[in-house]
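Participant: structure for this input, please:
(one chain, ligands or ions: 2)
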Amino acid sequence: MIRKALTIAGSDSGGGAGIQADLKTFASLGVHGMSVITSITAQNTYEVRAVFDLPLHIIEAQFRAVVEDIGVDAAKTGMLSNADIVKLVSSLLKSYNIPTVVDPVMIAKSGAPLLRSDAVDAVIRYLIPVATVVTPNRFEAERIVGMEIKSVEDARKAAKYIVEELGAKAAIVKGGHIEGDKSIDILYYNGKFKEFEADRINTKATHGTGCSFSAAIAAELAKGKTIEDAVKTAKEFITTAIRYGLNIGRGHGPVNPVAWVMIPAEKYRVVENVARAVEILEENGELIAPLIPEVGMNIVMAIPKPYAQNIDDVAGVVGRIVRFGKKIKVVGNIAFGASRHMAKAVLKAMEFDERVRAAANIRFDERILEIAKLLGFTTSFYDRSQEPLEIKNLEGATIPWGIEQAVKRAGFVPDIVYHRGDWGKEPMINIFGFTATDVAEKIIRIAKLYNNK
Ligand SMILES: Nc1ncnc2c1ncn2[C@@H]1O[C@H](COP(=O)(O)OP(=O)(O)OP(=O)(O)O)[C@@H](O)[C@H]1O
Ligand SMILES: [Mg+2]
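Facilitator: Residues are numbered from 1 along each chain as shown. Ligands and ions are numbered 1, 2, ... in the order given. Sure, this is the predicted structure:
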């Protein structure tokens, strides 16, 4: 049975925070998401242009419609705008006894107020006492508790106060706005503190962090997880969402809650494609064998942008593909991080054309180049003897430098980039394509003509 989570919050037309972030988060964590919209905001990455609070009876009707039919395993609240909405939502949650994460949203990332100042008292009096977990950021905790928060120690005091004095079951004071190279969240629950930390990510794309974080806790609670486990998963979830945040708009771009499912999904697709490409090469082993370089061949494919960031995001063949008598031998498994050279070549190519996610290397031979040109493949090259000393002395910098030279020379990412070698360096041809199977097919077309002397 699928678990059901409800968000009671505002709509963010920019899709970064609010209802939009919450539903993405619910879907990514595998629960059915439902929504009670409290306010409609006209909002983008840098400002809130207009706010329209929905009439109380419409808010209540949305709530009753879902509760009376579908049911709610856990809820979260976000923007509640005014004291009347706060009171209504508090009493509805209380009467149905729904486990609820209260995100006491007060100010948008752009600085616009989302809660009238006279409603803060209502949050403290009515909403916090019905909360399973309250998730204030630094400034919200300062306002709720009435103390300055500058350190983790202050955050501990505030979290404890929200539970012991204001009546929440648990409180987590978030560290996004508390200085330090770690972003540390302090949970107070059951008389104990627990810290959840992550390296601070240097990014502007943080619109919706608080919304996605509280929604993630609600999703995990809906699945029946304990408060500690829910927060632990939510912390990993939000760190991933921030790391792969979207640099769109001119202000704070949205975090990326679907990264949580997109990365594993794309990895699976890539492994399947590389496996198929390797199969194609093996089926044509005798044809391919003469094209295998001395150092062996690798065929690689990266997950798409913005997820492809380093060589661990590129899958290839462990131990490469080598010549074996008249045939070829695939040495190891297909794995991410298995290739350094070809992975770096692809990551560089993707900087110029993100569709080009796959590559393989074959032996250099003037006749192969001629055939490739005959087949209509575009080519470019780099000259290793032109490599600047500072690149030469930098471990692993040659290939990215070379690919960049070749791409700039062509004005686009060509099908083929070659170099004629250097002292102790085997000359090489790199074949690029959108997918690994694409690349394998290009190699076979070349091999057919090459063998057809
Ligand atoms: N730069 C960052 N790097 C890593 N984690 C971060 C960063 N900024 C925020 N976080 C984490 O994101 C979560 C949300 O915290 P934050 O304090 O930013 O909430 P918020 O201010 O309510 O966000 P919003 O303004 O979107 O409502 C917390 O787990 C926090 O530790
Ligand atoms: Mg917030």
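Participant: residue ranges for the helices of the stretch 101-250 of the chain, please.
Facilitator: Under the criterion DSSP state H, counting those that start in this stretch, the stretch 101-250 of the chain contains helices at 120-122, 138-145, 152-164, 209-222, 227-243.
Participant: dump those helices to CSV, plus distance to ligand 1 and mean neighbour count.
Facilitator: For the C-beta atoms, the positions are set from N, CA and C on the backbone; glycine is no exception. Below are the helices of the stretch 101-250 of the chain laid out as CSV (distance: least, CB to the nearest ligand atom, whole Å; neighbours: other CB atoms under 10 Å):
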stretch, distance to ligand 1, mean neighbour count
helix 120-122, 15, 16
helix 138-145, 6, 21
helix 152-164, 10, 19
helix 209-222, 2, 30
helix 227-243, 5, 21
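Participant: show the contacting residues for the residue nearest to V255 when sequence neighbours are not counted.
Facilitator: Leaving aside its chain neighbours, V255 sits nearest to A241 (4.2 Å; criterion: CB to CB, 6 or more residues apart in numbering). By CB atoms under 8 Å, 6 or more residues apart in numbering, the contact set of A241 is T209, S212, V255, N256, P257, A259, W260.
Participant: and the second one, what's its pLDDT?
Facilitator: This points to S212. At S212, the predicted lDDT confidence score is 98.
Participant: that one contacts K235, doesn't it?
Facilitator: No - using CB atoms under 8 Å, S212 is not in contact with K235, being 11.3 Å away.
Participant: strands paired with the lengthiest strand in the chain, and their directions?
Facilitator: Criterion DSSP state E: the longest strand present in the chain is strand 32-43. Strand pairing for strand 32-43, using DSSP bridges, gives strand 4-12 (parallel), strand 48-53 (antiparallel).
Participant: and those strands, which is most packed in?
Facilitator: Of all those, strand 4-12 has the most neighbours on average by mean count of other CB atoms under 10 Å, namely a mean of 28.
Participant: can you show me the strands along the stretch 201-350 of the chain?
Facilitator: Assigned by DSSP state E, counting those that start in this stretch, the strands in the stretch 201-350 of the chain fall at 299-302, 314-317, 321-324, 327-330, 334-336.
Participant: can I get the ones you listed in a markdown table with mean pLDDT?
Facilitator: What follows is those, written out as a markdown table (pLDDT from 0 to 100):
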| stretch | mean pLDDT |
| --- | --- |
| strand 299-302 | 98 |
| strand 314-317 | 98 |
| strand 321-324 | 94 |
| strand 327-330 | 94 |
| strand 334-336 | 98 |
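Participant: let's have the ones you listed in JSON lines, adding distance to ligand 1 and mean neighbour count.
Facilitator: Shown next, in JSON lines, are the strands of the stretch 201-350 of the chain (distance: least, CB to the nearest ligand atom, whole Å; neighbours: other CB under 10 Å):
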{"stretch": "strand 299-302", "distance to ligand 1": "24", "mean neighbour count": "30"}
{"stretch": "strand 314-317", "distance to ligand 1": "25", "mean neighbour count": "28"}
{"stretch": "strand 321-324", "distance to ligand 1": "40", "mean neighbour count": "18"}
{"stretch": "strand 327-330", "distance to ligand 1": "40", "mean neighbour count": "18"}
{"stretch": "strand 334-336", "distance to ligand 1": "24", "mean neighbour count": "18"}
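Participant: how about low-confidence regions in the chain?
Facilitator: Applying pLDDT under 70 to the chain flags residues 453.
Participant: for it, what lies in contact range of ligand 1?
Facilitator: 17, 109, 137, 174-177, 183, 185, 198, 200-201, 206, 208-211, 213, 235, 238-239, 242 (CB under 6 Å from any ligand atom).
Participant: buried residues, stretch 26-44. List them.
Facilitator: Residues of stretch 26-44 classed as buried by neighbour count (16 or more other CB atoms under 10 Å): 26-29, 31-41, 43-44.
Participant: hmm, I was thinking of stretch 11-22
Facilitator: Buried residues in stretch 11-22, counted by 16+ other CB under 10 Å: S11, D12, G14, G15, G16, A17, G18, I19, Q20, A21, D22.
Participant: and the first one, how far is that from ligand 1?
Facilitator: For S11, the distance to ligand 1 equals 15 Å [CB to the nearest ligand atom, to the nearest Å].
Participant: which ones are touching that residue?
Facilitator: Shown in contact with S11 (CB under 8 Å, 6+ apart): G18, I19, Q20, I37, S39, I40, T41.
Participant: same thing but 7 Å
Facilitator: Neighbouring residues of S11 by CB atoms under 7 Å, 6 or more residues apart in numbering: G18, I19, I37, I40, T41.
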